[in-house]
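# predicted model and sequence below, questions to follow.
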Amino acid sequence: MQEKAVSIRSLYEAFASGEGFPANREVIVEGWVKTNRNSGKVGFIELHDGTCFKNLQLVYGADMKGFDAISHYSLASAIEAKGVLTLTPGMKQPFELQVEKIRLLGGVADDYPLQKKRASFEFLRDMAYLRPRTNTFDAVFRVRSVLAMAIHTYFQEHGFVYVHTPEITANDAEGAGQVFTVTTDAKDPINDFYGRRASLTVSGQLHVEAFAMAFKDVYTFGPTFRAEKSNTPRHASEFWMIEPELAFADLDDDMDCIEDSIKFCIRYVMEKCPDEMDFFEKWIAPGLKAKLNDVLNKPFRKMEYTEGIRLLQEALKSGHKFDNDKIEWGMDLQSEHERYLTEEVVKGPMFLVDYPKEIKAFYMRENDDGKTVAACDLLVPGEGEIVGGSQREERYEVLKEKMEKIGNAKGLEWYLNLRKYGGCVHSGFGIGFDRLLMYITGVANIRDTEPYPRTSNNLKY
């Protein structure tokens, strides 16, 4: 039976724990060459096997059979190495492999487009299938995996039931009409496969509300789609959403869950990915860890939308410049306005609550003033809004009137029925997973947090 290779991750874990580290023992490792250099008498390979962010240094001598060929193994070559693990106290790496034998498993053609020099994000977006091999995207996509686990860990540990809502739907949850039609016949999409117009989902919220009426606390976590031609660093046409829904919960309960879950996710990533976070701090966003720790250590303040408008108007009068300087009650705030409130006024994370009902979705509960709804947006320094939520309208007649007014009652009778078949006060929120990843890593463009980004006029892979 062929000896099995050990992972670099297992070696670092054993070294850190002090238990089971195979010092001065022979091991086999497999991976890809990150760097390869030699001084004529001795060579050094930095080996990466994808199991952790760290590399393993391989040391091979000139007396080794095939030394010259080995010294020419290029970047990204797949190799297998057998040798003795040696502790290296006082050196940059805690241990290294004194190689006895190296075998080339997969060579690299001369036209390999990635080299040791740093490449721009724009250049790498055109090579989405290769960019996970770079340090930056190795870190980004490893954190993406860990952040997904953080989401599931938090909600599972708090008794939420994970619901898979449909990707193909007959309704537009937000009422914005920015949907992708699903069809096998572009000339006649209505009389197609389903016998009616179908689209890719923009949100799983409406469907998951039905499950909240049976399981109490539920959440979705999956891809959603918006046919929105917004060429900005924050928009993509395919992105992942986390959408929890809580029965017997009002807006305050909703905000408590938002704050707790966001803090949990940040803490989880910082604990599980220290090397990656150090990398982001050094190379991508200096000050990142201080920003995140500030969020962890401060309570999330609450401010009414009306108060926010007043403060923004005062800022204008005192000389502050906004690109959009027509600030009035009823407007939909832009990122610059949100960032001013969280960065300059509150100087920390905050909830902006009680928005005008005209700028929010039909399902949000109308407040007693008749002008606002029980909605909240979580604003954080450096980003602006990263979570949106609301208490849902549980009153049948009120919701029916709103839906008939905007013309979306037909086809959503089942959603209305939830209000008369044992309905109750309930609330929920949505977290843009890719945007949360942007915030935690400091990466400035959503295209660089998604493995294969989908944006307008961009469908290469």
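Structure's in. What do you need? Residues are numbered from 1 along each chain as shown.

# span of stretch 150-166 from start to end?
Its first and final residues considered, stretch 150-166 spans 23 Å by C-alpha to C-alpha, to the nearest Å.

# what ranges do the helices span in this protein?
Secondary structure of the chain by DSSP state H: the helices cover 8-17, 67-70, 121-125, 135-157, 205-215, 251-272, 274-279, 288-297, 305-317, 335-339, 396-406, 413-420, 433-441.

# which of these is buried the deepest?
Highest mean neighbour count among the helices of the chain (mean count of other C-beta atoms under 10 Å): helix 433-441, with a mean of 24. For the C-beta atoms, the positions are set from N, CA and C on the backbone; glycine is no exception.

# does anything pack onto that helix? Which helices or strands?
The contact analysis (3 or more C-beta pairs under 8 Å, 6 or more residues apart in numbering; DSSP states H and E) places helix 433-441 against helix 135-157, strand 238-247, helix 251-272, strand 384-391.

# tabulate the ones you listed (a markdown table), appending distance to T441 and mean pLDDT.
Listed next are the helices and strands packed on helix 433-441 as a markdown table, based on distance: least, C-beta to C-beta, whole Å; pLDDT from 0 to 100:
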| stretch | distance to T441 | mean pLDDT |
| --- | --- | --- |
| helix 135-157 | 6 | 98 |
| strand 238-247 | 15 | 97 |
| helix 251-272 | 9 | 98 |
| strand 384-391 | 13 | 96 |
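
# for G423, find the nearest of the ones you listed.
strand 238-247 (9.3 Å; C-beta to C-beta).

# list the contacts for N297?
Under the criterion of C-beta atoms under 8 Å, 6 or more residues apart in numbering, N297 has no neighbours.

# what's the spacing between it and E385?
Distance from N297 to E385, counting by C-beta to C-beta, to the nearest Å: 21 Å.

# with distance to D185 as extra columns, can I get the helices and strands packed on helix 433-441 in TSV?
TSV is the format used below for these (distance: least, C-beta to C-beta, whole Å):
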stretch	distance to D185
helix 135-157	36
strand 238-247	23
helix 251-272	42
strand 384-391	36
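
# closest one to L311 among those?
Nearest to L311, of all those, is strand 384-391, at 15.2 Å by C-beta to C-beta.

# gap between that closest one and the chain center?
15 Å (C-alpha atoms, centre = their mean, to the nearest Å).

# so what strands line up beside that strand?
In the sheet, strand 384-391 lines up against strand 372-380 (antiparallel), strand 426-432 (antiparallel) (DSSP bridges).

# of all the ones you listed, which lies closest to V163?
Closest of the strands paired with strand 384-391 to V163 is strand 426-432, at 11.9 Å (criterion: C-beta to C-beta).

# list phi and psi for the most far-flung residue of the chain relative to its centre.
Distance from the C-alpha centroid of the chain peaks at D63, with 48.6 Å (C-alpha atoms, centre = their mean). Main-chain dihedrals, D63, degrees, to the nearest 10: phi -80, psi 0.

# roughly how far apart are the closest residue to V373 other than its chain neighbours and R197?
Among residues not flanking V373 along the chain, M364 sits closest, at 3.9 Å (C-beta to C-beta, 6 or more residues apart in numbering). Plainly put, M364 is 25 Å away from R197 if you go by C-beta to C-beta.

# same check, this time on F15
Here F15 is placed at a distance of 59 Å from R197 (C-beta to C-beta).

# dump stretch 361-369 to PDB, keeping only the CA atoms.
Coordinates of each C-alpha in stretch 361-369 appear next as PDB, following Å, rounded to 0.1, in the frame of the first residue of the first chain:
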ATOM      1  CA  ALA A 361     -41.000  46.900   0.800                       C
ATOM      2  CA  PHE A 362     -44.800  46.100   1.100                       C
ATOM      3  CA  TYR A 363     -44.400  43.400   3.700                       C
ATOM      4  CA  MET A 364     -42.900  45.800   6.400                       C
ATOM      5  CA  ARG A 365     -45.200  46.600   9.300                       C
ATOM      6  CA  GLU A 366     -46.700  50.100   9.300                       C
ATOM      7  CA  ASN A 367     -46.100  52.100  12.400                       C
ATOM      8  CA  ASP A 368     -48.900  53.800  14.300                       C
ATOM      9  CA  ASP A 369     -47.900  57.200  12.800                       C
END
